[in-house]
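*Asks:* Model the structure of this input:
(one chain, ligands or ions: 2)
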Amino acid sequence: MVSMKILGIESSCDETAVGIVEDGRRLLANAVASSMDIHIQYGGVVPEIAARSHIEAVIAVVEEALATAECTWDDIDGIAVTYGAGLSGSLLIGVLTARTLAITKSKPLYAINHVEGHVYANFLTTTELPGYTLPTEAPQFPMLALIVSGGHSQLVLFRDHFDYTLLGQTHDDAIGEAFDKVAKMIGLPYPGGPSVAKAAPNGNPDALQLPKARMPGKYDFSFSGVKTATLRAAQEMCGKDFTFPSKDLPGLLNASQRDDIAASFQRVAIETVVDKTILAYEEFSPASVVIGGGVAASQELRRQLAERLPIAPLYTDIKLCTDNGAMIATLGCFMMQKGQPVADPYSLGIEPNLSM
Ligand code: KG4
Ligand code: ZN
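*Replies:* Ligands and ions are numbered 1, 2, ... in the order given. You can find the predicted model right below:
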């Protein structure tokens with residue numbers, strides 16, 4: 001492969017992130033500024049605040065990434081940017097920044113699907129940056145990918161780069177979103193995934209009998225049923241009926257009840273995605289199974305997959321599981337290498353509802 005360095009920009013939600021990657025496998029920089037501290041006060045991401053924070057941060061984050069990678073613009077061969085899916089105002093800032101840089105620095109521009117980007121974080125195998133634990137080998141095709149985040153729950157079969165089939169996806173909430181909502185319901189802080197994961201080891205995962213949704217599509221998911229069942233169980237624990245408002249529940253639950261709810265919900269939510277991953281593994285016999293997205297940070301997900309899959313599941317450093325620019329840059333490298341079409345820097349638009 002001709003050596004190349006791509007700068008990737010990610011701004012689809014609350015992280016303003018810029019990564020620089022060489023040849024689709026070497027991580028040179030992964031700079032992130034997050035407006036999460038502000039959103040925590042509201043219990044969820046506020047789109048207008050996220051967009052304004054991107055405007056304030058993006059140039060500094062680009063400069064930080066270049067400095068970390070010890071690169072000037074002369075060293076950068078192309079720019080990749082998330083154009084969907086995500087929040088409109090947030091996506092716009094990243095895309096307009098990338099378009100402007102592509103024009104002023106005369107670089108080819110690559111438009112990246114955020115969810116595909118999550119998968120490609122797993123191709124990074126080397127770095128000199130401190131504090132990263134990367135897989136030693138890149139995934140092999142055919143590759144089964146489970147993408148689980150606050151916005152997505154998808155199971156995708158990749159036969160090769162840019163040749164994939166969406167096997168299934170969620171019909172309602174994304175799994176991370178369900179973690180966030182259950183956490184809020186029982187009074188654990190936002191973001192809910194890490195809070196539930198922290199409480200769960202102290203609770204009994206079999207304390208609640210929670211249902212797994214049966215879906216018409218073999219590989220489709222649903223998380224709204226288990227979320228509602230969790231609410232009903234919590235109301236019952238407090239001796240209240242289904243009319244009792246969820247916002248008043250945290251005040252009535254004691255710590256051990258909270259831990260039991262967290263443990264039971266986590267077990268069933270994770271089992272739901274693992275069941276389908278095992279089913280797809282048996283049908284398609286992939287050479288690799290990778291996980292991506294914020295929920296890929298879940299130790300419970302990693303444990304259940306390792307226990308039930310005949311091959312070791314591949315996942316990367318937590319800093320590359322959550323939203324980041326390096327995953328966007330990595331996919332950009334493969335787009336350039338495989339001669340994928342470039343985007344027009346004068347007209348590239350955003351696609352907030354982009355699917356795979
Ligand atoms: O990929 P990401 O950073 O942003 C999106 O594209 O959505 O994922 C964030 C999501 C949040 O919903 C968060 O609660 C969830 O990932 N998450 C977890 C864990 N760590 C983060 N969910 C379950 N267990 C975890 N350990
Ligand atoms: Zn994401």
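*Asks:* what is the mean pLDDT for stretch 254-269?
*Replies:* For stretch 254-269, the mean pLDDT works out to 97.
*Asks:* And for it, what's in contact with it?
*Replies:* 175, 178-179, 182-183, 186-188, 195-197, 199-208, 210-212, 223, 226, 230, 233-234, 237, 253, 298, 300 (Cβ atoms under 8 Å, 6 or more residues apart in numbering). Where you see a C-beta, it was placed from the backbone N, CA and C, and this is true even at glycine.
*Asks:* Check these one by one and keep those near ligand 1.
*Replies:* 179, 197, 298 (Cβ under 6 Å from any ligand atom).
*Asks:* any idea which of those has the most stuff around it?
*Replies:* Highest neighbour count within these, by other Cβ atoms under 10 Å: Phe179, with 31 neighbours.
*Asks:* quick one: buried residues of the host helix or strand of that residue?
*Replies:* Applying DSSP states H and E as the criterion places Phe179 in helix 175-185. Residues of helix 175-185 classed as buried by neighbour count (16 or more other Cβ atoms under 10 Å): 175-185.
*Asks:* Distance to Cys13 for the residues you listed - can I get that in TSV?
*Replies:* Shown next, in TSV, are the buried residues of helix 175-185 (distance: Cβ to Cβ, whole Å):
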residue	distance to Cys13
Ile175	16
Gly176	11
Glu177	12
Ala178	17
Phe179	15
Asp180	12
Lys181	16
Val182	20
Ala183	17
Lys184	18
Met185	22
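*Asks:* give me every residue that touches whichever residue of the stretch 1-150 of the chain sits closest to ligand 2.
*Replies:* Here the stretch 1-150 of the chain gets closest to ligand 2 at one residue, Ser149, 4.2 Å apart by Cβ to the ion. Going by Cβ under 8 Å, 6+ apart, Ser149 touches 118, 174-176, 292-295, 323.
*Asks:* between those residues, which is closest to ligand 2?
*Replies:* For the contacts of Ser149, the nearest to ligand 2 is Asp323 (4.4 Å; Cβ to the ion).
*Asks:* And for the closest one, nearest residue in space, chain neighbours not counted?
*Replies:* Leaving aside its sequence neighbours, Asp323 sits nearest to Glu15 (Cβ to Cβ, 6 or more residues apart in numbering; 4.4 Å).
*Asks:* Surely the one you found is in contact with Val32?
*Replies:* Yes. At 5.4 Å, Glu15 counts as touching Val32 under the criterion of Cβ atoms under 8 Å.
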